[in-house]
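Undergrad: I need the structure of the sequence given here:
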Amino acid sequence: MTTPTTETTPRVVHGPKRPGTPALEARNLTKHFPVHQFRGRQVVHAVEDISLALPEGTVTAVVGESGSGKSTLARLLTQLITPTSGELLLDGKPVGTSARERRAYTSQVHLVLQDPFSSLNGVHSVRYHLERPLKLHRKPGRGELDALAKSLLERVALSPAENYIDKFPHELSGGQRQRVAIARGLAVQPRVLLADEPVSMLDVSIRLGVLNLLDDLRERERLAILYVTHDIASARYLADTVVVMYAGQVVESGPATQITDSPAHPYTQLLLSAAPDPSRTEPVELRGRGAPPSLVDPPSGCRFHPRCPFAMAVCKETAPPALPAGGDQVAACWLLSPDHAPTTAADATPSATDE
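TA: Presented below is the predicted three-dimensional model:
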């Protein structure tokens, strides 16, 4: 792992506030991807200086548009990609980089992929998918191996296990495949489960079942769960804390109900106004929608300011720090600063050019 980033401002750690050492912590995590088709040293600023703590027995949801850096953050946490800077701590201890240390880490931190149709090899049975990680990480005897594989299916509510253990992925529904993928992750006895859009490719009718399974695992297994999603409504349903990302940065975080009931950042307000709401009778009007910025050449100051209907001069010049918005909620927005907040209602009203 790379050397920790030198801190010039107080580091804000996003995630549920719990006493004790978190199961997994990221400090000042940054990832820049080089752009090879351009001359010079241009990079994609995919993730910028994120500190995140995942205590056991909690669910943290990371929400945002496509391209906001959510999945990149999850892959950094699983060490599938190497950060440009920053460090990871497992149970308070820095994560090493040797082959043995990386293998021990992968048995503690597991990623559940978005697509259950491709995350399971179609030529192998459910038994194979569950027994392989058991053999690699736990090395049980032959008699114990069968019992452990079936117990994994029982733990993800695929019961009786005998009805599923020898089936192939094409013989299962999408929800059943995702449950098998989660069971495969549990085979290594992880402390942390990172679920990257685990229900986005499932039918609406079975999404709730998978979300309830994750909630049950949080309670029963005391797992620290990171739930990556673009659906802020499901984040409110499942998560203790919501972390909102935009253009590679965290723009707001706090308790899930507080974020969805009283969003402080204009981008979070935009996400919530776009979420389906059966009680809404008026059409949704999103002022300043525009398009997300290029991460090769991101805007100066606040990265959301080209789309923000409340942008001020300071927003274009200086990136805002994470400012308190009440309770454990923080937002990176100059509207929360008494030195820069609009002094009149007219100042806080979108101009015609912003709409």
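Undergrad: what about the helices in the stretch 101-250 of the chain?
TA: All helices of the stretch 101-250 of the chain, identified by DSSP state H, counting those that start in this stretch, fall at 116-119, 126-137, 142-155, 174-186, 204-220, 232-238.
Undergrad: and the longest one, what other elements does it pack with?
TA: Put plainly, it is helix 204-220. strand 59-63, helix 174-186, strand 192-196, strand 224-229, helix 232-238 (3 or more Cβ pairs under 8 Å, 6 or more residues apart in numbering; DSSP states H and E). Bear in mind the C-beta positions are built from the backbone N, C-alpha and C, glycine included.
Undergrad: hmm, who's touching that helix?
TA: 57-59, 155-157, 173-175, 178-179, 182, 186, 193, 195, 198-199, 202, 223, 225, 227, 234, 237-238 (Cβ atoms under 8 Å, 6 or more residues apart in numbering).
Undergrad: picking up where we left off before, highest mean neighbour count out of the helices of the stretch 101-250 of the chain?
TA: Compared across the helices of the stretch 101-250 of the chain, helix 174-186 shows the largest average neighbour count, a mean of 23 (mean count of other Cβ atoms under 10 Å).
Undergrad: just the CA trace of that one, in PDB.
TA: What follows is helix 174-186, C-alpha atoms only, in PDB (Å, rounded to 0.1, in the frame of the first residue of the first chain):
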ATOM      1  CA  GLY A 174     -31.600 -14.200 -11.000                       C
ATOM      2  CA  GLY A 175     -32.300 -13.700  -7.300                       C
ATOM      3  CA  GLN A 176     -31.200 -17.300  -6.500                       C
ATOM      4  CA  ARG A 177     -28.000 -16.700  -8.500                       C
ATOM      5  CA  GLN A 178     -27.300 -13.600  -6.500                       C
ATOM      6  CA  ARG A 179     -27.900 -15.500  -3.200                       C
ATOM      7  CA  VAL A 180     -25.400 -18.200  -4.400                       C
ATOM      8  CA  ALA A 181     -22.900 -15.400  -5.100                       C
ATOM      9  CA  ILE A 182     -23.400 -14.000  -1.600                       C
ATOM     10  CA  ALA A 183     -23.000 -17.500  -0.200                       C
ATOM     11  CA  ARG A 184     -19.800 -18.000  -2.000                       C
ATOM     12  CA  GLY A 185     -18.500 -14.800  -0.300                       C
ATOM     13  CA  LEU A 186     -19.600 -16.100   3.100                       C
END
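Undergrad: what's it packed up against?
TA: Short answer (3+ Cβ pairs under 8 Å, 6+ apart): helix 174-186 packs on strand 109-112, helix 116-119, helix 126-137, helix 142-155, strand 192-196, helix 204-220.
Undergrad: and Gly67, which of these is closest to it?
TA: Closest to Gly67 of the helices and strands packed on helix 174-186, according to Cβ to Cβ: strand 192-196, at 14.3 Å.
Undergrad: pLDDT on that closest one, on average?
TA: On average, the pLDDT along strand 192-196 is 94.
Undergrad: so what are the sheet partners of that strand and their directions?
TA: Strand pairing for strand 192-196, determined by DSSP bridges: strand 109-112 (parallel), strand 224-229 (parallel).
Undergrad: worst mean pLDDT among those?
TA: Comparing mean pLDDT across the strands paired with strand 192-196, the weakest is strand 109-112, with a mean of 92.
Undergrad: and the contacts of that strand?
TA: Defining contact as Cβ under 8 Å, 6+ apart, one finds that strand 109-112 is touched by 24, 74-75, 77-80, 90, 119, 178, 181-182, 185-186, 188, 190-196, 198.
Undergrad: bridging across strands, which residues link to the residue nearest to Gly185 when sequence neighbours are not counted?
TA: In this structure, Gly185 finds its nearest non-sequential neighbour in His110, 4.0 Å apart by Cβ to Cβ, 6 or more residues apart in numbering. Counting by DSSP bridges, His110 forms beta bridges with Leu193.
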